[in-house]
Every structure is written in C-alpha cells, then in structure tokens.
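# predicted coordinates and the sequence they were generated for:
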Amino acid sequence: MKINVEDLRRHYASLSDEVLRAINRTELVDIAQQCYDQELAQREPPERRTERLPRPVIHAAPLDEPEDEETQEVEEDELDVEGGDTPEWSREAACVCTFATYAGNNATSDAENARDVLTEAGIPCYVALRHVNATLAPPSRSEYRVMVPGGLNFEAASVLDKEIFNAEIEAEWRAHFAVLSDEDLLGVNKEVLFGGLLDRIERVRRAYDEEVARRTNTSNQRP
C-alpha cells in the first residue's frame with residue numbers, strides 16, 4: 001500500500017488543533033512530516049506564515065510527469081548513487097518511493113534503508129538521484145528515487161510498507177489514539193475506521209484472482 005498524500009492531508013485537516021499538535025512529528029515518515037508541517041503552518045496566524053518556507057511533497061508514485069519549464073529544470077543522475085551503470089531493466093523501471101532532501105532530514109539514509117530492505121527481499125533495485133532546480137519557490141532540492149523493475153512495483157511497495165512504512169503509520173495512529181478522551185476512543189466506529197483498508201485488500205485480492213481465472217480460462221480454450 002502506497003502512502004496517499006491527499007489522504008494524509010485530509011486526515012491532518014480533520015484533526016483539532018490539540019490533537020494535531022499532540023502528534024510526535026519525529027515518529028512520522030518523511031511524507032507524513034511534510035503534510036503535517038503544511039497543515040500546522042496553515043493554522044498559524046498570517047503574520048507567522050511568511051516565516052516558513054513550504055517543503056516539497058514526496059510522491060509515492062512514479063515521477064514521470066512533465067515539469068513546468070518556466071519554473072523548473074530537472075536533471076536526473078543516470079548512475080546508481082553507489083556508482084556504476086544502471087541495470088539493463090532501468091528503461092522499464094518504476095519509482096516505488098521517493099525521499100526528498102531538505103534541512104533536518106536524512107534522505108540518503110532513508111533511501112539506502114529502502115534499498116537494503118528490497119535487496120533482502122530479493123527485489124532488484126537501485127537509487128537514482130534527481131535534481132530539481134526551481135527558479136521560483138520551493139527552493140532547489142534533490143530527490144532520491146528508489147527504482148525497481150516495472151513488473152515488481154506493487155510487490156516492492158508491499159515489502160516497503162511491511163518493513164518500514166507500516167510501523168511508522170502505526171506510531172502515528174497510536175499517537176492519535178493516545179490523545180483521545182475515553183468517550184471518543186470507545187466511541188470509534190471500527191467498521192468505518194478500518195473499512196477503507198479492508199476494502200482495499202479485498203479489491204486487490206479480487207483483481208488478482210479474477211486475472212488468474214481469466215488467463216486460466218483463456219489457456220483452456222486454446223486448441
């Protein structure tokens with residue numbers, strides 16, 4: 001399951017000021033920290049908002065969309081950040097996750113950790129460095145893009161969810177539950193709370209099973 005930026009934004013926007021400020025930012029993944037910071041900045045008095053520079057949002061999906069030529073120039077390193085040529089499958093590679101660099105974070109370490117997890121799981125991968133030089137805000141930045149063969153994109157995302165991101169999301173939810181009153185906590189409708197996740201699991205399983213069945217039927221119908 002990939003992290004959905006819009007879902008994170010909506011979640012933080014729905015929280016009260018007290019609950020939002022009670023979240024331990026250091027327990028959030030990079031993308032959640034950025035969405036959290038943006039929501040917090042929006043709630044500050046107007047005279048203080050100018051003191052904060054907007055941080056770029058990480059996209060968990062492939063970043064192949066064209067850039068605005070009037071505001072940005074993009075240069076992407078064609079080499080693995082550890083050196084050497086990119087693998088033969090790089091032309092069909094997919095970006096499974098991206099870590100943006102900015103003051104206070106360690107995108108290099110995060111990207112290396114993601115690569116180690118995927119390598120341990122037997123999924124080929126490499127990390128590409130992408131430079132975004134913006135003539136307007138936000139300021140110039142770099143992004144570490146974790147690349148995998150296109151056919152293994154969803155499997156890689158699932159591995160990263162299980163080994164890295166789910167634990168961090170769990171910590172975020174624990175922090176959220178911890179600040180709820182007894183009445184609010186016991187009043188949570190678990191069917192609604194977990195309904196979206198369970199529905200997503202069911203849809204993915206159904207899509208897989210139906211595709212396997214379709215191919216099996218097609219194979220059996222061949223002369």
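Received, thanks.

# could you use CA atoms for every contact and neighbour count after this?
Noted.

# how far does stretch 158-165 stretch from start to finish?
10 Å (C-alpha to C-alpha, to the nearest Å).

# next, the buried residues of it.
Across stretch 158-165, burial judged by 16 or more other C-alpha atoms under 10 Å covers 158, 159, 160, 161, 164, 165.

# confirm the third one sits in a helix?
This means residue 160. Yes: applying DSSP: H, G, I helix; E, B strand; the rest coil, one finds residue 160 inside a helix.

# who's in contact with it?
Residue 160 is in contact with 114, 117, 118, counting by C-alpha atoms under 8 Å, 6 or more residues apart in numbering.

# which helices and strands sit right next to the host helix or strand of residue 197?
Taking DSSP states H and E as the definition, residue 197 sits inside helix 190-221. With contacts taken as 3 or more C-alpha pairs under 8 Å, 6 or more residues apart in numbering; DSSP states H and E, helix 190-221 sits against no other helix or strand.

# those strands in the protein, which residues are they?
Counting by DSSP state E, the chain has strands at residues 72-80, 93-100, 126-134, 141-149.

# among the ones you listed, which gets the worst mean confidence?
Lowest mean pLDDT within the strands of the chain: strand 72-80, at a mean of 47.

# show me which positions of the helix holding residue 197 end up buried.
Buried, per 16+ other C-alpha under 10 Å, within helix 190-221: nothing.

# average pLDDT for that helix?
Mean predicted lDDT for helix 190-221 stands at 89.

# residue 185 - how many residues pack around it?
13 (other C-alpha atoms under 10 Å).

# residue contacts, it?
Residue 185 touches residue 177, counting by C-alpha under 8 Å, 6+ apart.

# break the protein into its domains for me.
Partitioning the chain according to automatic domain parsing yields domains covering residues 5-171, 189-221.

# which of these is buried the deepest?
domain 5-171 (a mean of 16; mean count of other C-alpha atoms under 10 Å).
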